[in-house]
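Asker: sequence first, then the predicted structure, then my questions.
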Amino acid sequence: MFEKMVRQSWNVLSGLFVLACSLWLSGPGIAETDTPDYRWYFMLWFLLWTIGFLLQFKKQTKWLGVLLTLIPTLFYLFLVLLAMELF
């Protein structure tokens with residue numbers, strides 16, 4: 001019961017964090033260069049998180065799903081800490 005509640009809380013918080021960071025980084029850039037307006041490859045991190053989320057519903061692949069949701073979350077957390085110069 002407690003494990004399920006922690007995992008659901010983890011899914012909500014990490015999902016919102018990864019979605020917000022993915023949307024923010026895939027949006028239009030502010031630099032006046034010839035880079036494309038939208039960079040959709042940042043949405044691949046959210047796709048990886050979604051695959052991990054879906055794998056958590058099967059008992060056999062539950063921990064693999066948790067690991068796959070952890071990878072994009074730690075990547076964006078590392079970028080945020082690096083941008084804030086805390087890391």
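Answerer: Noted; the coordinates are in hand.

Asker: residue 21: how many residues sit nearby?
Answerer: Neighbour count for residue 21, taken as other C-beta atoms under 10 Å: 20. No exception for glycine: its C-beta is placed from N, CA and C like everyone else's.

Asker: and the nearest residue to it once chain neighbours are set aside, what element?
Answerer: Distances taken as C-beta to C-beta, 6 or more residues apart in numbering put residue 76 closest to residue 21, at 4.2 Å, once the chain neighbours are dropped. Assigned by DSSP states H and E, residue 76 belongs to helix 62-83.

Asker: so which bits of that helix are buried?
Answerer: Residues 65-66, 68-69, 72-73, 76-77 are the ones in helix 62-83 that count as buried (16 or more other C-beta atoms under 10 Å).

Asker: would you list the residues you listed in CSV and tack on pLDDT?
Answerer: What follows is those, written out as CSV (pLDDT from 0 to 100):
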residue, pLDDT
65, 94
66, 91
68, 94
69, 94
72, 96
73, 95
76, 95
77, 94
